[in-house]
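Asks: Provide a 3D model corresponding to the input given below.
(2 chains)
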Amino acid sequence: MSKVSEDIINNKADDNTTSAKVKAATVWLDGCSGCHMSFLDMDERIIELLQKVDLCYSPLVDHKDFPDMVDLTLVEGAVSSHEDLEKIKKVREHTKILVSLGDCAVTANVPSMRNPFGVKAIMNHAYVETAVTKDIIPNEVVPELFEYSRPVHNFVKVDLFLQGCPPPADAIYFLLTELLEGRMPDLTKVSRLGK
Amino acid sequence: MVTPGKKVKTFTIDGKDVSGTEDQTVIEVCRENNIEIPTLCHLDGLTEVGACRLCLVEIKGSNKLLPACVTKVAEGMEVLTASDRLKNYRIKILELFFSERNHICSVCVSNGICELQNLGQKLGMTHVHYPYLFPKVNVDASHERFVLDHNRCILCTRCVRVCDEIEGAHTWDIMGRGIESMVITDLNKPWGDSDSCTSCGKCIAVCPTGALVEKYKNAVDKTSKYKKDKLKFLPYLTTMREVKNEQS
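Replies: Next comes the predicted model:
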């Protein structure tokens, strides 16, 4: 058993007085939210998981700030802008086990399809060539894009990779239940790129 | 398959006693003995090029790793096909394939039947450690029925060989060197303008990825005439050719 999974178990044991639940979070970077939809596709199994897991931070819950320390974070999406990078750096600092959830996090997938063309050409295509209202390339609200959209592990250490576009709900359930049992799961058996 | 008139060699693969004739390669003997070796460029019925390096094996007494598809069997050789060292290298080779062009499985017509994608899962490639290159390469859709997408090409040269050796047209070839190599039709003409292409579709059938596909068809489409069931398709064609040659 690896060090990180032991942490989960120990944490559970130590924290008996306050909360026996594993603290988990999910983050959404440059992706389509499909991985989060797949997470919801676990259906009633989510209720079963919530007996053991406290979902502290996620697009699916209301908390605004990332907690001090969580045991597990699932990250969806590629890193495409400074905003994404700042987010993921902060998440990494406050997470014991970071999981790349889905192809965008693992390979940059669809967001990376712009990479061969360059940011300038892409922005021009989206906001000028095909614009029906006003042809202005926005410089506020929309975060400035990096030259390349890249996978999460290019920027921070990632502990586990769950491939799939999106990873099937069963694969996400397998990932979570194995981690809760203190095992590092072999995820290549339950999903693959593009699944 | 023992060829008459050829000497038989006995040796071991992963500690198992095996035999083959002197004209056989290590990969052939492995296949006959149900020992799996991953490969993307080898295809029964085509000549060997040793391009993909996935079938590398260890042979006792040699410091180098040798490709099983072009290594002839020898008396007493001790072959290892699945050591940790080999498994490690094979995953690295796959990662290099993925990082070199723009392989985006989720939007690919070959998603689900791609040999590169399947090997990624089978060999346990969790992610690509190397930086992706994101090269800007073209898609040639000038042919009436087929498409060439360089983004998904791994330069296995199966198309080049099947076109030359089975169809006899030699429309396909390789241009450039190293990482800049590209498959081309005729003398780098658009495929649609090719004089030599017979539109037979053999290249479509043998392509391990989604680089060569039929237009308007998903490669897993059951109505596709060029379904990627190459393992049955090519041996049939070669056998028919040999039968015809023997008769004439």
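
Asks: Going by C-alpha atoms from here, please, whenever you check contacts or count neighbours.
Replies: OK.

Asks: nearest residue to the residue in chain B that chain A sits nearest to other than its sequence neighbours?
Replies: Taking CA to the nearest CA, chain A has its nearest neighbour within chain B at B:Ser106, 3.9 Å off. Closest residue to B:Ser106 apart from its sequence neighbours, by CA to CA, 6 or more residues apart in numbering or on different chains: A:Gly194 at 3.9 Å.

Asks: do B:Asn118 as well
Replies: Nearest residue to B:Asn118, sequence neighbours excluded (CA to CA, 6+ apart): B:Gly112, at 7.6 Å.

Asks: Check B:Leu56 too.
Replies: Spatial nearest neighbour of B:Leu56, excluding adjacent residues (CA to CA, 6+ apart): B:Pro67 at 4.1 Å.

Asks: Let's check: the centremost residue of chain B is which one?
Replies: With distances taken as CA atoms, centre = their mean, B:Cys41 lies nearest the centre of chain B, 2.0 Å away.

Asks: Now for the nearest residue to it once chain neighbours are set aside, how many residues are close by?
Replies: Closest residue in space to B:Cys41, ignoring its immediate chain neighbours: B:Cys156 at 4.7 Å, by CA to CA, 6+ apart. When neighbours are counted by other CA atoms under 10 Å in any protein chain shown, B:Cys156 registers 21.

Asks: Please work out how many residues are found near the residue nearest to B:Asn118.
Replies: Counted with other CA under 10 Å, residues neighbouring B:Gly112 total 17.

Asks: ok, residues contacting the helix or strand hosting A:His36?
Replies: Assigned by DSSP states H and E, A:His36 belongs to helix A:34-40. By CA atoms under 8 Å, 6 or more residues apart in numbering or on different chains, the residues outside helix A:34-40 that reach it are A:46, A:76, A:101-102, A:165-169, A:172.

Asks: how does it look with 6 Å?
Replies: Helix A:34-40 is contacted by residues A:166, A:169 when judged by CA atoms under 6 Å, 6 or more residues apart in numbering or on different chains.

Asks: Then stretch A:95-109?
Replies: When contacts are defined by CA under 6 Å, 6+ apart, stretch A:95-109 is touched by residues A:69-78, A:150-152, A:158-167, B:104.

Asks: And that stretch, end to end?
Replies: One end of stretch A:95-109 to the other measures 24 Å (CA to CA, to the nearest Å).

Asks: Residues of chain A that sit close to chain B?
Replies: For chain A, the residues in contact with chain B (CA under 6 Å from any CA of the partner chain) are A:109, A:116, A:188, A:192, A:194.

Asks: Now compare these and name the two farthest from each other.
Replies: Spanning the widest gap among the residues of chain A next to chain B are A:Pro116 and A:Thr188, at 28.4 Å by CA to CA.

Asks: Show me where chain B dips below the pLDDT cut-off.
Replies: The model of chain B has pLDDT under 70 over residues B:1-2, B:219-245, B:248.

Asks: how about the helices in it?
Replies: Secondary structure of chain B (DSSP state H): helices at B:26-32, B:84-100, B:115-122, B:158-161, B:202-206, B:230-247.

Asks: chain center to the fifth one: distance?
Replies: The offset between the C-alpha centroid of helix B:202-206 and the centroid of the whole chain comes to 11 Å, using CA atoms, centre = their mean, to the nearest Å.

Asks: how about the CA coordinates for that helix, as CSV?
Replies: Taking Å, rounded to 0.1, in the frame of the first residue of the first chain, the C-alpha atoms of helix B:202-206 are listed here in CSV:
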residue,chain,number,x,y,z
LYS,B,202,-6.5,-1.7,-48.8
CYS,B,203,-4.6,1.1,-47.1
ILE,B,204,-7.8,2.0,-45.2
ALA,B,205,-8.2,-1.5,-44.0
VAL,B,206,-4.6,-1.9,-42.7
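
Asks: List the buried residues for it?
Replies: The neighbour-count check on helix B:202-206 (16 or more other CA atoms under 10 Å in any protein chain shown) flags B:202-206 as buried.

Asks: and those residues as JSON lines, adding distance to chain A?
Replies: Listed next are the buried residues of helix B:202-206 as JSON lines, based on distance: CA to the nearest CA, whole Å:
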{"residue": "B:Lys202", "distance to chain A": "26"}
{"residue": "B:Cys203", "distance to chain A": "24"}
{"residue": "B:Ile204", "distance to chain A": "21"}
{"residue": "B:Ala205", "distance to chain A": "21"}
{"residue": "B:Val206", "distance to chain A": "21"}
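
Asks: And B:Leu133, how far from A:Val156?
Replies: With the distance defined as CA to CA, B:Leu133 ends up 19 Å from A:Val156.

Asks: got it, and A:His36?
Replies: Counting by CA to CA, the gap from A:His36 to A:Val156 is 21 Å.

Asks: Between the two, which is the more surrounded one?
Replies: Set A:His36 next to A:Val156 and count neighbours by other CA under 10 Å: A:His36 wins out with 24 against 15.

Asks: what about the strands in chain B?
Replies: B:8-13, B:16-21, B:56-59, B:65-67, B:78-80, B:139-140, B:146-149, B:172-175, B:182-185, B:212-214 (DSSP state E).

Asks: Can you list the strands that the first one pairs with?
Replies: In this case it means strand B:8-13. Taking DSSP bridges as the criterion, strand B:8-13 forms sheet pairs with strand B:16-21 (antiparallel), strand B:78-80 (parallel).

Asks: As a markdown table, those with distance to A:Tyr127 and mean neighbour count would be great.
Replies: Shown next, in a markdown table, are the strands paired with strand B:8-13 (distance: least, CA to CA, whole Å; neighbours: other CA atoms under 10 Å in any protein chain shown):
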| stretch | distance to A:Tyr127 | mean neighbour count |
| --- | --- | --- |
| strand B:16-21 | 64 | 18 |
| strand B:78-80 | 57 | 19 |
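
Asks: Redo those as CSV? Include distance to B:Phe146.
Replies: Shown next, in CSV, are those (distance: least, CA to CA, whole Å):
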stretch, distance to B:Phe146
strand B:16-21, 40
strand B:78-80, 41
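
Asks: okay, now the residue in chain A that chain B sits nearest to: neighbour count?
Replies: Using CA to the nearest CA, the single residue of chain A nearest to chain B is A:Gly194, 3.9 Å away. Counted with other CA under 10 Å, the neighbours of A:Gly194 add up to 20.

Asks: Next up, the contacts around it.
Replies: By CA under 6 Å, 6+ apart, the neighbours of A:Gly194 are A:164-165, B:105-106.

Asks: and which of the residues you listed is nearest to B:His170?
Replies: Using CA to CA, B:Cys105 comes nearest to B:His170 of the contacts of A:Gly194, at 29.5 Å.

Asks: low-scoring stretches of chain A, by residue?
Replies: A:1-19.

Asks: Can you name the residues of chain B sitting close to chain A?
Replies: So far as CA under 6 Å from any CA goes, chain B lies against chain A at B:104-106, B:121, B:124, B:134-136.

Asks: Farthest pair within those residues?
Replies: Once CA to CA is applied, these give B:Gly124 and B:Lys136 as the farthest pair, at 28.3 Å.
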